[in-house]
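S.K.: using only what follows, build the 3D model:
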Amino acid sequence: MRWAGEVGRSVTPDGDVEVVAGYTDEEQPDSTELVAVIVDGPRKEAREGRCRASAVCFDARVSQPDAVEKTDAIAVELEHEDGESVAIYLPDNLQGSCGVADGELLATDLEPRVFASGEGAAPFLR
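M.R.: Numbering: from 1, shown residues only. You can find the predicted model right below:
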């Protein structure tokens, strides 16, 4: 199995932080699929009352203000059991091998995926 770099964390009701990762046997796995796999773990835990917050980090493409084309970015989706959720993007316009993300931080409201209301949601969110 191969790991593509997408990773998540979840916070238990006791405040313990757990690592959540997505795995696949594909040589070049689809990032969207891996993120869905990562989100599924905390979602199941939330339904059982075993997760109070989650974070997922992955590569993304975003449109920056005043830009015509999308650019690569590091994305972090944060969710909390109280219904707060946000997506934060850091465009990583990397030049050379310095490995420094130099874009302007962007944030937007996020439709909850872990603590989504409706069918399959944690009992306190229905």
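S.K.: and stretch 57-68, end to end?
M.R.: 25 Å (Cα to Cα, to the nearest Å).
S.K.: low-confidence ranges, the protein, go.
M.R.: Within the chain, the ranges that satisfy pLDDT under 70 run 1-5, 93-102, 118-126.
S.K.: how about the helices in it?
M.R.: Using DSSP state H, the helices of the chain run over 31-47.
S.K.: how about the contacts made by the residue nearest to residue 57 when sequence neighbours are not counted?
M.R.: Distance criterion Cβ to Cβ, 6 or more residues apart in numbering; nearest residue to residue 57, sequence neighbours excluded, is residue 76 at 5.0 Å. In this view, the C-beta of every residue, glycine as well, is placed from N, C-alpha and C. For residue 76, the contact set (Cβ atoms under 8 Å, 6 or more residues apart in numbering) comprises 55-57, 87-89.
S.K.: report the beta-bridge partner residues of residue 76.
M.R.: Beta-bridge pairing for residue 76 (DSSP bridges): residue 57, residue 88.
S.K.: gap between it and residue 110?
M.R.: Distance of residue 76 to residue 110, given as Cβ to Cβ, to the nearest Å: 10 Å.
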